[in-house]
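S.K.: Here you go, sequence then predicted model.
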Amino acid sequence: MERLLCLLIGYLLGSFLTAEIVSRAAAHKKCSELGTGNPGMANIAHCLGIKCGLTVLAGDIGKTFLACLMCFFLIPMPNHLAVLYAGLGCILGHNFPFWSKFKGGKGVAVTCTAIFICNPLYGLLANIAGLLVVLLTGWLPLGAVVIPAVFLFPVFFLYHTEALVLVILYTLLMIFRHFPGLKSIKDGTCPKIDPLAFLKHKKNPE
């Protein structure tokens, strides 16, 4: 019951898509009508500017923090499991929100936040590993998948099987949501990003 409650809390908070609010406020359009249609920081930043993108990022981080900390303090179960279950719920809510016909984002910021709360040291290192992959290769999908995959190693040594299974699910969900991008890397058609140019980007004239 405690695990289901954590999942439910995470799902309900995760299904709040900050990008949708920002898109409607800044562009008076649905997020699906902008760029790639993905309700995430990268798409919003590309279409509406870095400030809007950072607002989306802050909202996605905030909702994950809220869900994980609620379960951490209120649900009587091991703290790391409470956080991981809440994080899994957030990822599912963000990626498959019930109010949007289960069409949501890719869950990168949510996943990064959940693993950081679970274990700040190794969560931070996993996030840095993913960032380095993006900086070195320019491939966002690859960096996104690397983050939970790297986190598997400390979880294997620090926690029990249940925690490992949860982080495996994090990784599989990330692979599932980024599968087209990963396939395009293999095919040699994946566009590369220039992080510095991305940060300087003001607003797409579209």
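M.R.: Cool, the structure landed. All values derive from a computational prediction rather than experimental measurement.
S.K.: residues in contact with the residue most central in space within the chain?
M.R.: A centroid search over the chain (CA atoms, centre = their mean) returns Val108, at 2.2 Å, as the residue closest to the centre. Val108 sits next to 40-41, 144, 147, 174 when contact means CB atoms under 8 Å, 6 or more residues apart in numbering. C-beta here means a position set from N, CA and C on the backbone, and glycine is covered the same way.
S.K.: which stretches of this structure form helices?
M.R.: All helices of the chain, identified by DSSP state H, fall at 2-14, 18-27, 41-48, 50-74, 79-95, 108-118, 120-137, 140-158, 161-177, 179-187, 195-200.
S.K.: circling back to that earlier point, any idea how far the residue nearest to the centre of the chain is from Gly123?
M.R.: Separation of Val108 from Gly123 (CB to CB, to the nearest Å): 14 Å.
S.K.: do the same with Asn79
M.R.: To Gly123, Asn79 is 14 Å away according to CB to CB.
S.K.: Where in the protein is the helix or strand with the lowest mean pLDDT?
M.R.: The element with the least model confidence among the helices and strands of the chain, by mean pLDDT, DSSP states H and E, is helix 195-200, at a mean of 57.
S.K.: How many residues are close by the nearest residue to His94 once chain neighbours are set aside?
M.R.: The shortest distance from His94 to any non-neighbouring residue, by CB to CB, 6 or more residues apart in numbering, is to Gly14 (4.4 Å). For Gly14, the count of nearby residues is 30 (other CB atoms under 10 Å).
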